[in-house]
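> need a 3D model of the following:
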Amino acid sequence: MRVLFVCTGNICRSPTAELLTTAFAAEAGRPDLTAHSAGTRALVGHGMESTAALVLQQLGGDPRGFTARRLTPAIAEDADLVLTMSEAHRSAVITAAPRMMRVTFTLREAARLQQASGASTVAELSAARVHATAPGLDDITDPIGCDEETFATVGSEIADLLLPLLTRIRD
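Numbers count the residues shown, from 1 in each chain. Predicted coordinates for the structure are as follows:
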């Protein structure tokens, strides 16, 4: 299963999710699970923001070698599951790659749908969306320009939503 994570600059939230997924896949013995990320307004060629990289390391991920890239239709269409950090990012993915609509979720939405439905595949997760009611804003705060505590809160939030989801969902 190829998972794409999308945020704005591709230097904080989406690489945190990507590299946590990579660490999870290695630890869980899941060679079938790969992760990538991109930004809707990426700082192309940049590494992770330094505080985000520090938080990632504290969570068990490795930021070395990461390079930001911009979201393109081809990048989106190469994924089996697209998880975004905000509703605006989800809209941007669907605008860039309309055929990805069924497999594109905010991270919070996907975690909530999986927990409520017991979905174990991307198709089941997509089907669960039909019966769900929107509880409100699904955005994960952008920590850029904030203090280290905010970065730590955002990193923990991503890990808390992501790791149970990855444990339960397979392609």
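> every contact and neighbour count from this point should use C-alpha atoms.
Noted.
> helix/strand/coil for the residue located most distally from the centre of the chain?
Residue farthest from the centre of the chain, counting by Cα atoms, centre = their mean, is H131 at 22.7 Å. For H131, the assignment made with DSSP: H, G, I helix; E, B strand; the rest coil gives coil.
> which strands or helices does the top helix by length along the chain pack on?
Ranked by residue count under DSSP state H, the longest helix found in the chain is helix 148-168. Helices and strands touching helix 148-168, by 3 or more Cα pairs under 8 Å, 6 or more residues apart in numbering; DSSP states H and E, are helix 13-28, helix 50-58, helix 107-117.
> how close does the closest residue to M1 other than its chain neighbours get to R2?
Sequence neighbours aside, L33 is the residue nearest to M1 in space, at 4.8 Å (criterion: Cα to Cα, 6 or more residues apart in numbering). Going from L33 to R2 by Cα to Cα, to the nearest Å gives 6 Å.
> which one's more surrounded, these two?
Taking neighbours as other Cα atoms under 10 Å, L33 and R2 compare with L33 leading, 18 against 15.
> who's in contact with the more buried one?
Applying Cα atoms under 8 Å, 6 or more residues apart in numbering to L33 gives the contacts M1, R2, V3, T22, A25.
> and for A132?
Applying Cα under 8 Å, 6+ apart, we find A132 in contact with L113.
> any regions of this protein where pLDDT drops low?
Applying pLDDT under 70 to the chain picks out residues 133-136.
> the same query, at a cut-off of 90, please.
Along the chain, segments meeting pLDDT under 90 span 130-138, 170-171.
> state the three-state secondary structure for the residue nearest to the spatial centre of it.
By Cα atoms, centre = their mean, the chain has its centre lying nearest to F5, at 3.5 Å. Here F5 takes the strand state, with states given by three-state DSSP.
> A35 is in contact with T16, isn't it?
No - using Cα atoms under 8 Å, A35 is not in contact with T16, being 10.7 Å away.
> more neighbours, those two?
Just comparing A35 and T16: by other Cα under 10 Å the higher neighbour count belongs to T16, 29 against 21.
> isn't the more buried one up against E157?
No - assessed by Cα under 8 Å, T16 is found out of contact with E157, at 10.7 Å.
> can you tell which of the helices and strands packed on helix 148-168 is closest to D78?
Closest of these to D78 is helix 13-28, at 14.8 Å (criterion: Cα to Cα).
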